[in-house]
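Asks: coords please:
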Amino acid sequence: MYEESGDPVGAGPGLPDPVRAAAVRAVVLVAVTLVLVMVAVLCSLAQVWLALPMVLAAVAGTVVTTWGVLDVWVTRQMWNQRNGVVSTPSSVARERGAFRRRHG
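Replies: I've put the predicted structure just below:
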């Protein structure tokens, strides 16, 4: 079920472009790191000389992947700060404001 614009019905607004780019980068980094870890495990089980370099590469990949995932969070926070997120006060804040106006 699609609307005339081609978007799926009920789909909300998507991620902003910088955040989407960071998320895609993070997913690729996670996938590559998982492959490195799997190769390191298999090389270790087979007792092949390649095990040590692959373990080192997997550790380095884990560090880079952690940076990539944090980059998504930081990019999202920066985008929200720069472009202004519409925030509505909570029900408690609305009640306090109404109380102040009445008892003022």
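Asks: Could you state which residue of the chain sits nearest its centroid?
Replies: residue 72 (4.3 Å; CA atoms, centre = their mean).
Asks: so the nearest residue in space to that residue that is not next to it in sequence, which of the three states?
Replies: Distances taken as CB to CB, 6 or more residues apart in numbering put residue 22 closest to residue 72, at 4.5 Å, once the chain neighbours are dropped. All C-beta atoms are positioned from the backbone trio N, CA, C, and that covers glycine. Recorded secondary structure, residue 22: helix (DSSP: H, G, I helix; E, B strand; the rest coil).
Asks: Please report how far residue 22 lies from residue 71.
Replies: In this view, residue 22 and residue 71 are 5 Å apart by CB to CB, to the nearest Å.
Asks: between the two, which one's more packed in?
Replies: residue 22 (22 against 17; other CB atoms under 10 Å).
Asks: and the more buried one, what does it touch?
Replies: 68, 71, 72, 75, 76 (CB atoms under 8 Å, 6 or more residues apart in numbering).
Asks: Helices - which of these land there?
Replies: 68, 71, 72, 75, 76 (DSSP state H).
Asks: could those residues be laid out in JSON lines, adding pLDDT and distance to residue 16?
Replies: What follows is the ones in helices among the contacts of residue 22, written out as JSON lines (pLDDT from 0 to 100; distance: CB to CB, whole Å):
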{"residue": "68", "pLDDT": "95", "distance to residue 16": "17"}
{"residue": "71", "pLDDT": "95", "distance to residue 16": "14"}
{"residue": "72", "pLDDT": "94", "distance to residue 16": "12"}
{"residue": "75", "pLDDT": "93", "distance to residue 16": "9"}
{"residue": "76", "pLDDT": "91", "distance to residue 16": "8"}
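Asks: Identify the farthest-apart pair in those.
Replies: 68 and 76 (13.3 Å; CB to CB).
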